[in-house]
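In: pasting the sequence and the predicted coordinates here, then a few questions.
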Amino acid sequence: MEAIVFFVSAAIILAGGLGVIVLRNPVHAALSLVATLFGVAVLFIDMEAYFLAAVQVIVYAGAIVVLFLFVIMLVGVDKAEDIYAEPIIKQRQFAALAAAGMLILVALVGVAFAGDVTGQPSNEDMTISRAIENPDGTTTPAETSNINQLAEALFTDYVFAFEITALLLTIAVVGAVVLARRPKGDLQPLPDVEPSWALRKPRAVTPTEATDPSAGDDADQDPDETTVDQAATDGAETDEAKA
Amino acid sequence: MEFDNNWLLSVMTFVPLVGAAIVMAIPKAEEELIKWAALITSLVAAGLGVFLLTDFNYDNAGELQYVADAQWISVINSRYIIGVDGIALPMIALTLLVVPLCIIYTMGHFPEPRNPKALLSLILILETGMLGTFIAQDLILFFVFFEVVLLPMFFMIAVWGGDDRRYASLKFFLYTMFGSALMLVSFLAMYFLADGTIVGDEANTFSMIALSDGATVGIARTSQLWIFAGMFVGFGVKVPMFPFHTWLPDAHTQAPTVGSVILAAVLLKLGTYGFIRIAIPMLPEAAAAWAPFIGLLAVIGIIYGALGCLAQTDMKRLIAFSSVAHMGFVMLGISTLTDFGINAAVFGMVAHGLITGMLFFIAGSVKDRYHTLDMARLGGLLISAPRMGWILGFCAMASLGLPGLAGFWGEFPAILASYNPAAILPEATFRGYMVVAALGTVLAAGYLLWMLQKTAMGTPKDEFVDNPEITDVKTYEWIAWAPLLALILALGLYPKPLFSTTDDAVVKSLQVNVMDDVPDCLNLDTDQGEACFDDLREQFEAAG
Amino acid sequence: MLNILAQPPTDAIPTPDVAWSGLMPLLILSGGAVLLLTIVSLAKDFIPRWFTPIYTVLIGIATGVAAIPLWLRVTDTPSAADPNNGPFATLDSSFGVDGFSVFFTMLFAAVVVLVALLANDYLRREDIDGPEFYVLMMLSASGGIVMASANDLIVMFLGLEILSIAVYVMAAMHSRRIESQEAGMKYFVLGALSSAVFLYGIALTYGATGSTNLVEIREFLSNVILLNDALLLAGFALLLVGFGFKVAAVPFHSWTPDVYQGAPTPVVGFMASAVKAAAFAGMLRVFWLTFGSYRTDWQPVIYGLAIATLLVGSFVAIVQTDVKRMLAYSSISHAGYLLVGVQAATNEGTATVLFYLAAYAFMVIGSFTVITLATGPGDAKTSLTDIAGLARTRPVLGIALTVFLLGQAGVPFTSGFFAKFYVISAAADANSYGLAIVAMLAAVVAAFLYLRIMMAIWLDGDEVADPTELAAAKAGIPVPWGAAVVLVVTVGFTLVFGLWPEPMIEMARDAVPALAIG
């Protein structure tokens, strides 16, 4: 029974995930994200982690995706996009490569499940490390409720991890504010070819050079002048290509 | 041992560095002051060198003297050990002589783009690096100094060099660094594999004294061969030996005159010195295995260098190729693994330093006057600048090994030594090398006389007739050259002092003196010799 | 009512003890960041511009100072007088305090101080809003401390995220430069992917060992023989991918050049020093310390990664023409050297990595300081021709950059020489002579890169003779006091430990990682 539920919900998760990246309409994509998140919630239930399942539905499917939909509709991009434009040259080929890489990764994980799984399902003992500390192990927690187990884990083994998540959230808020802020002033133009101060002008003989030993070689001695110009031209070409 | 004077070497080595700092502190405008400060610093160092030469105990030249041993990096047991013996002494003297002469020469004629402050401080830093390499008795210390010389020379070529200076300086730097990279791995391998406890040091040691006294005896033969190979590349690039030599002509041709002189006179010797001081004493067994190959490369170098000379049109490049040939003789001497051959090699190093340094000086002066070194355009130096012409002739004669001049005592004994190499080496092979090397001396005579004919003989070309720039030897040139010329003649007429200085140290460096009453494995026939080394290893393992 | 509250319920969860002293540096740094955020949001108009950098520097120094008593405590051996000496852990064994973590804490504190000094002028020059930068940087460095001290994979992951997410934002902070936005985006997308992979690795490792706690994992691995360890090995592989991305090891390096080129230069300095150090700290903690008994399984992989990283880092660098890209590839090849030290899988090897990271952090911050100043307003003129002749117009900057480049090339009398030497010696000690040779040869190839930059600043750009232009060029690069301090400190560090590396090596050796229970 467990296995059937697992495979069904896994199929829903994968289909939802595929929908997110394949569907052209952002609203549809967001909705298929809901399917994925629901599937995960079902998996949690399958593992008897009811609280997590509830949280998953309320927070992710409820709050976050709704927020997504809000933004999508607010910004007004709720229509199909032309996904055939290639902002990055050859991006499809690269994507194919990346996909191949991910497949290898998946295969690796597949191989992995041939290995011994030492971890125990959560309904027997959620805090595995505790069980190792007390090998007699018969002392199953009096409270079998998910919430209690979760609380215990959060405030014992993972209390530090729990606390420093605060830092992560702070960073997320600060980062979001920083990035969302409209830049002051004009956008900087793409770099010009001629730097403002670098000394690259062809040399004209002036009286100062005789007194200034740091001024350097005679112009006719420098074979690199052409190279420098060449490099400058190359730079210009690259910039054009970028633009 | 004598606490009184173990500061001498350190002071001598670091005086130029202090001088460099002083020179850098002087404002750029004070050119004369800068030059004099640099000259005085180098003379102070040379003065200490003269004191060293007089105070050195020549009866005990085989032992390290003025030893200082201080903690440096205790976690890897790398110590600040310095000392000087009969092999290092001539090299130190050569360095201390050449640097002031170079500074004097630059005072008279400064290479473009001038900036004396930078050039002179580089020369002084270079001097510290060279002296440090010769006094170091710890592998890490040696390596540090060995690497330190790279940078000043790199900048010297890159800033004050000829038209192709970038290429030449990069090539010089990368080649040498490539060699030292492998060398460092070899040093580390020796550090971990050798057992210093045999000679009363700590188990893992970089001390060159401990390692040459036999701490390496327990290293397996294959490991020894690999370690030696790493060092061979490191030192061989610096020498430069035949397949690694291609940086040399470029570096020499592009370097400013003083750069070429220092490069030829001292820097190349760091490689051969490394063979004599490190590779052979520490790994005699591997040295014996590699020697025929080294000898082969040496004679290839001799012939190749000579043929290369004949193909040159540029006078400086020709001299550079002649360096390859001459260093081939030095390496041939070393590869015989006999005291006779290595004495000859040390003599050859000194002689080559004096003679080739002198030739580069002359080439530099010719370039200043004619603004070209193209031998097709030169000619008639004897007419337009007779004294310089005669000096060039004198040096060419010295270089081709004319008896009575210093060059002879480097080449001839090296050839002779290869007639009778160490017993462990294949005699027939080395006799073959001897024949080829002797052929090389004929070629040397050929190319040097050819150069002389092209540049000194004949009549000046029309473009240079009555050119007011073409003057004879100037005062500053006389001051810079006279000591070299005098020494070439003096050592040629009376070579004994130098030979007797080096001999004890050379003999000691060839002894495999691990435990008492060991046979001299190098002096046994090939099979017996190898068995002898195996025996040693077994004895060592049996002893624990 | 009050009585009821005071009475603990009978089935209360026993919460773990907290050794506040061990957490002190972390609390100072992260608390300082949050406090700064509060101050600037409440009193934005009353705060002078100099306040934030000075505040950050002081917090950084305080963090470092708070680490000193810890260092003395954890590197000492327990004695009758001080039974508490030696490494310890707190918060149910999830936060370890040992020489290793304290060493990194001090390193991060130093990085925060240096980058804050450098950033002050930069932010003003580029007209970027100030306080957020410092807040993010301090938080990011706290993430680094968490990673270096983590005794639990979940904590390690959170540390990694705290460290990285802040840096993603910092990379994109120059909001008027499209390259900066692009760098932030790229770094974020690839970084998020690698974090996901890392998390997957944690899950698999948990599946195989039954715990996320490093102490328990190590116990488990040394006590239990897994008949089929495929799950565990897959976990190793995925964790390694996660770390490999952060340290910019080949083949997970592809973000590095673009991000280094686009991100604001001081941020790049922070990335190259702190992020790399933190990732290596995590890697050593997880692989050497926890999976030590499985070293025969992961050593060959790191061996391969090291070779690929060294070769790609040094060879691809040759064809670059942008200084920041060049230094990006150089940072890749440095990651290769560090992997050589990790691969040795010995305490000595760990010490070499620590020494290398410290030496490299100072050199790289110094280099990027010079680049920040030399590339001028706009942060975009970073090609080799743009900085040509730098040493002629500003000899001091030129000499400083030369010192850093030589240090990175591993030339004697710089700390970089001993860093390289020490790493290679660890490889030789572990009998990895092949790797040692490859590393040294890569050093030669990499030297070409540094020489090219040196040639550009010393030899190129000598065609100008117009005195007004020369004067303008000279006046074009003011060296503000903050950057001057950074340069003095970094050059000093590089040269002093190049001549006398002993104290630093001693310290790196004392900073042995340990997994304590507590």
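Out: Received the coordinates, thanks.

In: please count neighbours and contacts with C-alpha atoms only from this point.
Out: OK.

In: secondary structure class for the closest residue to C:Arg176 other than its chain neighbours?
Out: Excluding its sequence neighbours, the residue lying closest to C:Arg176 (C-alpha to C-alpha, 6 or more residues apart in numbering or on different chains) is A:Leu187, at 4.4 Å. Of the three states, A:Leu187 takes coil under DSSP: H, G, I helix; E, B strand; the rest coil.

In: contacting residues around the residue nearest to the spatial centre of chain C?
Out: The residue lying closest to the centre of chain C (C-alpha atoms, centre = their mean) is C:Ala274, at 2.4 Å. For C:Ala274, the contacting residues are C:107-108, C:111, C:141, C:144, C:361, by C-alpha atoms under 8 Å, 6 or more residues apart in numbering or on different chains.

In: just name the shakiest helix or strand of chain A by mean pLDDT.
Out: Least confident element among the helices and strands of chain A, by mean pLDDT, DSSP states H and E: helix A:128-133 (a mean of 39).

In: after that one, next one along is what?
Out: Counting by DSSP states H and E, the next helix or strand C-terminal to helix A:128-133 is helix A:146-155.

In: what helices and strands are in contact with that next one?
Out: In terms of contacts (3 or more C-alpha pairs under 8 Å, 6 or more residues apart in numbering or on different chains; DSSP states H and E), helix A:146-155 is packed against helix A:50-55, helix A:159-180.

In: just the buried positions in the longest one, please.
Out: Right, helix A:159-180. Neighbour-count burial for helix A:159-180, counted by 16 or more other C-alpha atoms under 10 Å in any protein chain shown, picks out A:159-162, A:164-165, A:167-168, A:170-172, A:174-175, A:178-179.

In: got it, and stretch B:393-407?
Out: B:393-402, B:404-407.

In: next: stretch B:198-211.
Out: Buried residues in stretch B:198-211 (16+ other C-alpha under 10 Å): B:198-199, B:201, B:203-211.

In: in helices, which of those fall?
Out: B:208-210 (DSSP state H).

In: ok and the residue in the stretch 1-150 of chain C nearest chain B?
Out: Residue of the stretch 1-150 of chain C nearest chain B, by C-alpha to the nearest C-alpha: C:Thr75 (16.9 Å).

In: shouldn't that residue be in contact with C:Pro513?
Out: No. Counting by C-alpha atoms under 8 Å, C:Thr75 does not reach C:Pro513; the two are 10.3 Å apart.

In: phi first, then psi, for the residue of the stretch 1-150 of chain C closest to chain B.
Out: Dihedral angles of C:Thr75 (phi, psi; degrees, to the nearest 10) stand at phi -90, psi -10.

In: B:Asp314 too?
Out: phi -100, psi 130.

In: which residues of the stretch 251-400 of chain B lie near chain C?
Out: By C-alpha under 8 Å from any C-alpha of the partner chain, no residue of the stretch 251-400 of chain B approaches chain C.

In: any stretches of the chain with poor pLDDT?
Out: No chain in the question, so chain A it is. The model of chain A has pLDDT under 70 over residues A:76-89, A:105, A:108-146, A:184-186, A:188-243.

In: you looked at the wrong chain, it should be chain C
Out: Scanning chain C for pLDDT under 70 picks out C:1-12, C:461-477.

In: picking that back up, filter the buried residues of stretch B:393-407 down to the ones in helices?
Out: B:393-399, B:406-407.
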